[in-house]
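Test case, fold it:
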Amino acid sequence: MSVTNDSASPPDLEESTPETADAPLHEHGRIGYGRYARYTPLGLAALMVIVLLAIGVAQRRPSGGNDQVGRLVGQPAPDVTLELLGGDTLRLTDLRGSVVAVNFWAAWCAPCKSELPRFQAIADEATRNGESVKVVGVGIKNDYVENARTLVADLGLTFPTGRDTAGDDPMRGQIEKAFGISNYPTTVFIRPDGTIAAVHIGELDEGQIREYINQSAE
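Modelled structure (predicted):
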C-alpha cells in the first residue's frame, strides 16, 4: 500500500560542527541538535509512515456487522418481509423448502451491477429445470428508488426484488440490520430448512454461486 504525505517537510537543520556535535543537549536549547540531529527527520518520517500504515490496516478490518453475519451461519435466517418493487410483499419464511440466495445490492455499487445478471441466469436455469432454488434481491436503503428501478429494468431482473426501506435509521433498513450486512454486494445462502448455510461478502461469479447453492442443498 502506498502512503502519500502532503505535509511540508521539516526545515533543514544546520550541520553540526565538531565543536557543537559533542556539546551537552542543554547548550543547544532543543532536541534535534547535536550528534543525532541528522537522524531526527528520518525518525519522524518513519514514525509517520508506521502510524499511517496502522490506520490503514485498522480501516480494512471487517466491521462489527460482518462479525454478526458470521455468527448467523448455522442459525435460522431472520424472519423478514421485503416489499417488492412491484408493490407485493415477500416473507422469507414462505420460501422454506428451497435453497435461497438473498443478494444485497445498491445501484451505485459497480460490483453489484456486474453480479446481478449472474443471479438472473441462475434463477432462469432453476425455473427451466424445476429446481428448488430461489433468488431474492434486496436493494439497500442508502440508494435512490429511481436508480434502483432503472437498474432492475436495464438488467432485465425478474426474480423477486425490493428495497429495504423500513425502520427509522436513515441509512440502513431493518432487513440489512437483521442480517448484519455492512458491505455490498453480500449474498446470504439459506438451506431448505431455513438455516443460514453461508455468507459471501463481495462479488461472485456464476461458478461460485452454483457451488454455494449446491453446498446449501446438502
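
next SSE after the helix or strand hosting A153?
Using DSSP states H and E, A153 maps to helix 145-155. Moving toward the C-terminus from helix 145-155, the next helix or strand (DSSP H and E) is strand 161-163.

What helices and strands are in contact with that next one?
Here strand 161-163 touches strand 81-83, strand 133-139, helix 145-155, going by 3 or more Cβ pairs under 8 Å, 6 or more residues apart in numbering; DSSP states H and E. Backbone N, C-alpha and C define where each C-beta goes, glycine included.

buried sites along the longest one?
Right, helix 145-155. Across helix 145-155, burial judged by 16 or more other Cβ atoms under 10 Å covers A148, L151, V152.

ok, back up a step: indicate which one of the helices and strands packed on strand 161-163 is closest to P117.
Among the helices and strands packed on strand 161-163, helix 145-155 comes nearest to P117, with 5.7 Å by Cβ to Cβ.

Now do the helices in the chain.
Taking DSSP state H, the helices of the chain run over residues 18-21, 40-60, 64-72, 110-129, 145-155, 174-179, 206-217.

by how many degrees do the fifth one and helix 110-129 diverge?
Interaxial angle of helix 145-155 relative to helix 110-129 (axes from the mean of the first three to the mean of the last three Cα atoms, to 10 degrees): 50 degrees.

do the last one as well
Computed with the same axes, to 10 degrees, the direction of helix 206-217 lies at 60 degrees from that of helix 110-129.

Could you export helix 206-217 as PDB, CA atoms only?
The C-alpha trace of helix 206-217 is given here as PDB (Å, rounded to 0.1, in the frame of the first residue of the first chain):
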ATOM      1  CA  GLU A 206     -21.500 -17.900 -11.700                       C
ATOM      2  CA  GLY A 207     -19.400 -20.900 -10.700                       C
ATOM      3  CA  GLN A 208     -19.100 -19.700  -7.100                       C
ATOM      4  CA  ILE A 209     -22.900 -19.100  -6.900                       C
ATOM      5  CA  ARG A 210     -23.600 -22.600  -8.100                       C
ATOM      6  CA  GLU A 211     -21.100 -24.000  -5.600                       C
ATOM      7  CA  TYR A 212     -22.700 -22.200  -2.700                       C
ATOM      8  CA  ILE A 213     -26.100 -23.300  -3.900                       C
ATOM      9  CA  ASN A 214     -25.000 -27.000  -4.100                       C
ATOM     10  CA  GLN A 215     -23.500 -26.800  -0.700                       C
ATOM     11  CA  SER A 216     -26.600 -25.300   0.800                       C
ATOM     12  CA  ALA A 217     -28.800 -28.100  -0.700                       C
END
